[in-house]
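> The sequence isn't on hand, but the structure is:
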């Protein structure tokens, strides 16, 4: 189960993905901005799902082959596909590695790849990316940060980098980044 500001989603025990709520920003994964009061199946031929996260304007999901998918509004560049148009239906987002986990906030998205490396896409001024660039429309490696878990919110992000006694990374609404 995943929830966003105006949506919810869930993956069934049969690896099927359902989304419901507001169709604004194309978060329901349907070409037209359609609202759904009840769960609506997001059907991509031959794809089974294992994880889903909903941000303010985007959705990211991982299929059972560890491939990242994204869709929604491209306004904050947090889909990570490098595009400049809205993505109305699920689209594969290439990062070159299998994806272990995802975190999708309001203005930035993060993935942890199979090697534990963290990648970020979105806008720094709203949700610090841990990158030198203020905006990146493709998932870009956050150098020096390997993580086992990452979380993103409206104006912050936090990564657990190994054992709880190890250094951890956080960002705040002002885009300040710290290694704790």
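On my side now, so go ahead. Here the structure is a predicted model, which means the values were calculated and not measured.
> Residue 103 in helix, strand or coil?
Look at residue 103: counting by DSSP: H, G, I helix; E, B strand; the rest coil, its state is strand.
> For burial, what's the neighbour tally of it?
Counted by other C-beta atoms under 10 Å, the residues lying close to residue 103 total 23. For glycine as for every other residue, the C-beta is placed from the backbone atoms N, C-alpha and C.
> For residue 33, see how far away the closest residue in space to residue 97 that isn't next to it in sequence is.
In this structure, residue 97 finds its nearest non-sequential neighbour in residue 113, 3.9 Å apart by C-beta to C-beta, 6 or more residues apart in numbering. The spacing between residue 113 and residue 33, counted by C-beta to C-beta, to the nearest Å, is 32 Å.
> quick one, what contacts the closest residue to residue 84 other than its chain neighbours?
Residue nearest to residue 84 in three dimensions, not counting chain neighbours: residue 74, with 6.3 Å by C-beta to C-beta, 6+ apart. By C-beta atoms under 8 Å, 6 or more residues apart in numbering, residue 74 lies in contact with 83, 84, 85, 86, 87, 137.
> residue contacts, the last one?
Contacts for residue 137 (C-beta under 8 Å, 6+ apart) come out as 74, 77, 79, 80, 81, 82, 83, 84, 121.
> Those in strands, which ones?
Mapping those onto strands (DSSP state E) picks out residue 121.
> got a pLDDT number for the residue nearest the centre of the chain?
Centroid-nearest residue in the chain, with C-alpha atoms, centre = their mean: residue 104, separated by 3.4 Å. Predicted confidence (pLDDT) at residue 104: the value is 90.
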